[in-house]
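S.K.: Dropping a prediction and its sequence here:
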Amino acid sequence: GENVEQHPSTLSVQEGDSAVIKCTYSDSASNYFPWYKQELGKRPQLIIDIRSNVGEKKDQRIAVTLNKTAKHFSLHITETQPEDSAVYFCAAIEGNTGKLIFGQGTTLQVKP
Amino acid sequence: DTGVSQDPRHKITKRGQNVTFRCDPISEHNRLYWYRQTLGQGPEFLTYFQNEAQLEKSRLLSDRFSAERPKGSFSTLEIQRTEQGDSAMYLCASSLMGLGLEAFFGQGTRLTVV
């Protein structure tokens, strides 16, 4: 089955700096890669996703890149703000089930 | 609120008791998933339904766990003879099979077994 590895586990940046979180996956058949943001005690919220037929997707300060050959994808947050502080999870979809396999999470702290 | 809703939000139970959680998915979504999340970890898949059919169960789901989605709408997750290791956040998500792959999560039910 699919396996997703996520790095780093913690990331601390100054407000205004960029943050990058990286994930690798094992199943070359995976074709959908969402990113979720989870604040303490709250549900995971989908913030951006990418499908395997594109290499990059942007939404304001957030971008995701995908390298299918290397089987890795990354989340980029520019001009970070204190409200970006949260735990971020990458995930890959397994087969045709829609089942998500999550990475271990990255705790992002943005210092004002 | 037209999102995924879960009930209850919190549940404290004594070891050995049975508990049942409910999930109401987004109305047009035909797929419904249950995940378990422990502190500091990503959600782990437990089981999923397509309409009323339960199509896959994780090896994490012991025989004390059972899930149903009787009419293809809401779903219940029951844990029998709870153990302290069952303490976790139980998350429900729904999606629409086909063009849309996005899964949307409910607020979760936090279970504490004492």
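M.R.: Yes, it's here.
S.K.: Flag every residue of chain A that's near chain B.
M.R.: Within chain A, the positions near chain B by Cβ under 8 Å from any Cβ of the partner chain are A:6, A:32, A:34, A:36, A:42-46, A:49, A:51, A:89, A:91, A:93, A:97-105. Any C-beta I mention is one placed from the backbone N, CA and C, and that applies to glycine too.
S.K.: swap the cut-off to 7 Å and go again
M.R.: A:32, A:34, A:43-44, A:46, A:49, A:89, A:93, A:97-100, A:102-105 (Cβ under 7 Å from any Cβ of the partner chain).
S.K.: okay, who's weakest in the residues you listed by pLDDT?
M.R.: For those, the weakest pLDDT value sits at A:Thr97, with 80.
S.K.: and that residue, how far is that from A:Ala29?
M.R.: Counting by Cβ to Cβ, to the nearest Å, the gap from A:Thr97 to A:Ala29 is 12 Å.
S.K.: Show me which of those two is the more surrounded one.
M.R.: Set A:Thr97 next to A:Ala29 and count neighbours by other Cβ atoms under 10 Å in any protein chain shown: A:Thr97 wins out with 15 against 11.
S.K.: just checking, A:Gln45 touches A:Pro34?
M.R.: No: the pair A:Gln45 / A:Pro34 is not scored as a contact, 10.4 Å apart, by Cβ atoms under 7 Å.
S.K.: Between these two, which is the more surrounded one?
M.R.: Using other Cβ under 10 Å, the more surrounded residue of A:Gln45 and A:Pro34 is A:Pro34, with 22 against 13.
S.K.: what sits against the more buried one?
M.R.: Shown in contact with A:Pro34 (Cβ atoms under 7 Å, 6 or more residues apart in numbering or on different chains): A:46, A:49, A:91, B:102.
S.K.: so what's it closest to, chain neighbours aside?
M.R.: Spatial nearest neighbour of A:Pro34, excluding adjacent residues (Cβ to Cβ, 6 or more residues apart in numbering or on different chains): A:Asp49 at 3.9 Å.
S.K.: just A:Ile101 next, same as before
M.R.: A:Glu2 (4.3 Å).
S.K.: what residues does chain B put near chain A?
M.R.: Counting by Cβ under 7 Å from any Cβ, chain B sits next to chain A at B:31, B:33, B:41-43, B:45, B:48, B:55-56, B:91, B:95, B:97, B:101-108.
S.K.: Can you go through these and name the buried ones?
M.R.: Listed as buried from the residues of chain B next to chain A are B:31, B:33, B:42-43, B:45, B:48, B:56, B:91, B:95, B:101, B:103-108; burial here means 16 or more other Cβ atoms under 10 Å in any protein chain shown.
S.K.: Can you give me the separation between the closest residue to B:Asn18 other than its chain neighbours and chain A?
M.R.: Leaving out its chain neighbours, the residue that sits closest to B:Asn18 by Cβ to Cβ, 6+ apart is B:Gln80, at 4.9 Å. According to Cβ to the nearest Cβ, to the nearest Å, B:Gln80 and chain A sit 24 Å apart.
S.K.: Can you report how many residues neighbour B:Gln80?
M.R.: Neighbours around B:Gln80, by other Cβ under 10 Å: 14.
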